[in-house]
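Enquirer: my questions are about this predicted structure, shown below with the sequence.
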Amino acid sequence: MRKKIVAGNWKMNTTISEGELLVNQILTLKKESQPEAELIVAPPFTHLATISKLLQGSGVALSSQNCADELSGAYTGEVSASMLNAVGCEYVILGHSERREYYGETSAKLVKKVKLSLANNLTPIFCIGEKLEEREANKHFEVVEEQIKEVLFGLDPEDFAKIVIAYEPVWAIGTGKTATSAQAQEIHKYIREVLAGKFGELAQNTPILYGGSCKPSNAAEIFAQPDVDGGLIGGASLVAADFIAIAKAF
Ligand code: 13P
């Protein structure tokens, strides 16, 4: 049985007090409804220390939204994997399309980030996904395959076994336009085949999350697909009731 995961990527939203309120609401609703999926929240860096304390003993895991591609030293403005581990993060989102698009995140940088994360006991939630023009040109399979090969194929099997994948088609992020459940299943299955081609049976245990305008009204249908193991949620993760409703959609 693969792990079921619902992760909230808050992106650059909430002040610290809004973030504390949101987490407390999530924890209250979680207690009431006991969703079966593992819950993860990924607030901004400034909130991690505070939210880490609020999450202690709650069963909700903490993630950052990025980490540095170096371990320590003169890298102004960066936050390292070891710092994130020390503050209580268990996960790190890497390679989100917004980072690839706006901050020059390349596969070469991601190779370093994935390795540093694993070496510091952080589980990478490795994001892949095609742009609209790539989908329209029917190139989505080769795009995700490239993204996987360039970053994950260099891992040894022991490290690969720890990876979580998030498939997020760029045209579905924040647009209100979701992939259909059939589109999600088709490409999630393909992603698993690509992983299996390199890592064999281990790929059967890799959680592959869907992300892109996932909300309470469409989560159940998407999560019902055999190769969809949960979601990476943006906008809807900022409303506690929606986030928990999505977590209960399995
Ligand atoms: P939305 O759920 O807001 O479309 O964002 C998805 C996403 O990018 C999660 O990482």
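Expert: Yes, it's here. Bear in mind that the values here come from a model prediction, so they are computed numbers and not experimental data.
Enquirer: contacts, neighbours, all on C-alpha from now
Expert: OK.
Enquirer: pLDDT at the spatially most central residue of the chain, what is it?
Expert: The residue lying closest to the centre of the chain (C-alpha atoms, centre = their mean) is residue 125, at 4.2 Å. Residue 125 carries a pLDDT value of 99.
Enquirer: that one belongs to a strand?
Expert: Yes. Judged by DSSP: H, G, I helix; E, B strand; the rest coil, residue 125 forms part of a strand.
Enquirer: quick one: contacts for it?
Expert: Listed by C-alpha atoms under 8 Å, 6 or more residues apart in numbering, the contact partners of residue 125 are 91, 92, 93, 94, 163, 164, 165, 166.
Enquirer: quick one, phi psi at the second one?
Expert: If I follow you right, that is residue 92. phi -140, psi 130 (degrees, to the nearest 10).
Enquirer: surely it and residue 79 touch.
Expert: No. If you go by C-alpha atoms under 8 Å, residue 92 and residue 79 don't touch, sitting 11.6 Å apart.
Enquirer: what is in contact with those two at once?
Expert: Taking C-alpha under 8 Å, 6+ apart as the contact rule, residue 92 and residue 79 both touch residue 67.
Enquirer: more neighbours: these two, which one.
Expert: Applying other C-alpha atoms under 10 Å to residue 92 and residue 79 shows that residue 92 carries more neighbours, namely 26 against 18.
Enquirer: return the set of residues that bridge with that one.
Expert: residue 64, residue 124 (DSSP bridges).
Enquirer: where does it land on pLDDT?
Expert: 99.
Enquirer: got the residues of this protein near the ligand?
Expert: Taking C-alpha under 6 Å from any ligand atom, the part of the chain that reaches the ligand is made up of 9, 172-174, 211-214, 232-236.
Enquirer: ok, which pair from those is furthest apart?
Expert: Greatest spatial distance in the residues of the chain next to the ligand: 9 and 172, 14.8 Å, computed using C-alpha to C-alpha.
Enquirer: more neighbours, those two?
Expert: Using other C-alpha under 10 Å, the more surrounded residue of residue 9 and residue 172 is residue 9, with 24 against 19.
Enquirer: wait, the more buried one touches residue 62, no?
Expert: No. Between residue 9 and residue 62 there is no contact under C-alpha under 8 Å: 10.6 Å.
Enquirer: now do the shared contacts for these two.
Expert: Residues touching both residue 9 and residue 62 by C-alpha under 8 Å, 6+ apart: 41, 42.
Enquirer: all helices of the chain, in order?
Expert: Per DSSP state H, the chain carries helices over the ranges 16-33, 48-55, 81-86, 97-102, 107-119, 132-136, 140-152, 157-160, 181-199, 216-223, 240-247.
Enquirer: the third one packs against which elements?
Expert: Right, helix 81-86. If you count contacts as 3 or more C-alpha pairs under 8 Å, 6 or more residues apart in numbering; DSSP states H and E, helix 81-86 packs onto helix 107-119.
Enquirer: state the mean pLDDT of the helix it packs on.
Expert: With pLDDT averaged residue by residue, helix 107-119 scores 98.
Enquirer: most remote residue from the middle of the protein, which is it?
Expert: Among residues of the chain, the one most distant from the C-alpha centroid is residue 74; the distance is 28.1 Å, by C-alpha atoms, centre = their mean.
Enquirer: about what we covered before: out of the helices of the chain, deepest packed?
Expert: Among the helices of the chain, the stretch with the highest mean neighbour count (mean count of other C-alpha atoms under 10 Å) is helix 240-247, at a mean of 23.
Enquirer: what packs against that one?
Expert: Using 3+ C-alpha pairs under 8 Å, 6+ apart: helix 240-247 touches strand 5-9, helix 16-33, helix 216-223.
Enquirer: now the first one against helix 240-247, angle please.
Expert: The reference is to strand 5-9. Strand 5-9 and helix 240-247 meet at an angle of 150 degrees, taking axes from the mean of the first three to the mean of the last three C-alpha atoms, to 10 degrees as the criterion.
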